[in-house]
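Peer 1: below is the sequence, then the predicted model.
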Amino acid sequence: MVVSNTSPMMNLAAIGRLDLLPALFDTVHIPQAVALELRDIEVRSSIGLHLGELPWLVQGAVWGEKVVEALCVHLHPGEAEAIAMAIEQDQALLLMDERRGRRIARGTGLRVIGVLGILVASKRKGFIGAVRPLLDALVSDAGFWVGQDLYARVLRDAGE
């Protein structure tokens, strides 16, 4: 099972490559707080994110309210619910970019990948020819911050 937080979906939509998620994972699950955040983004922006038109996206509820409450001390509701949903599922992969959320998720034993890892995996699977143009679009079009060392490491991991 794959669970996503808001940012990987928002950033991929911003560069017109939301199609990479169903190509890599078939189905992606999101909790209600993430769905609300994405609907808000859908209304406020023009990034082409139309939740009702994504048959591969499954919205669901989180059962562990206590876990969410505990996580909300340090995280936003979408991040907290995404981590809680991933914890509730055995072997779930969590899609998340925020550093604090990733650290907390890994501390619970979850596997985590962000939008940069999605780009590298997409190239390895042959869904994209090159990472660099999409990485540059993330920076310029989506406002995604990537330091020089991370930029170089992503390209190295992608074989570019």
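Peer 2: Looks like it arrived, so ask away.
Peer 1: for residue 56, what are its contacts?
Peer 2: By C-beta atoms under 8 Å, 6 or more residues apart in numbering, the contact list for residue 56 reads 21-22, 25-28. All C-beta atoms are positioned from the backbone trio N, CA, C, and that covers glycine.
Peer 1: looking at the residues you listed, which are in helices?
Peer 2: Of the contacts of residue 56, the ones assigned to helices by DSSP state H are 21-22, 25.
Peer 1: who wins on neighbours among those?
Peer 2: Counting neighbours by other C-beta atoms under 10 Å, the top entry in the ones in helices among the contacts of residue 56 is residue 21, with 23 neighbours.
Peer 1: surely it and residue 11 touch.
Peer 2: No: using C-beta atoms under 8 Å, residue 21 makes no contact with residue 11, being 11.2 Å away.
Peer 1: in the protein, which spans are strands?
Peer 2: Listed in chain order, the strands of the chain (DSSP state E) span 2-4, 28-31, 57-60, 93-95, 111-113.
Peer 1: and residue 57, bridged to which residues?
Peer 2: Taking DSSP bridges, one obtains residue 28 as the residues bridged to residue 57.
Peer 1: count of neighbours near it?
Peer 2: Applying other C-beta under 10 Å, we find 20 residues neighbouring residue 57.
Peer 1: hey, which of the strands of the chain is tucked in deepest?
Peer 2: Neighbour counts (mean count of other C-beta atoms under 10 Å) averaged over each of the strands of the chain peak at strand 2-4, with a mean of 25.
Peer 1: in this protein, where is pLDDT below threshold?
Peer 2: Residues of the chain that meet the criterion pLDDT under 70 lie in 42-50.
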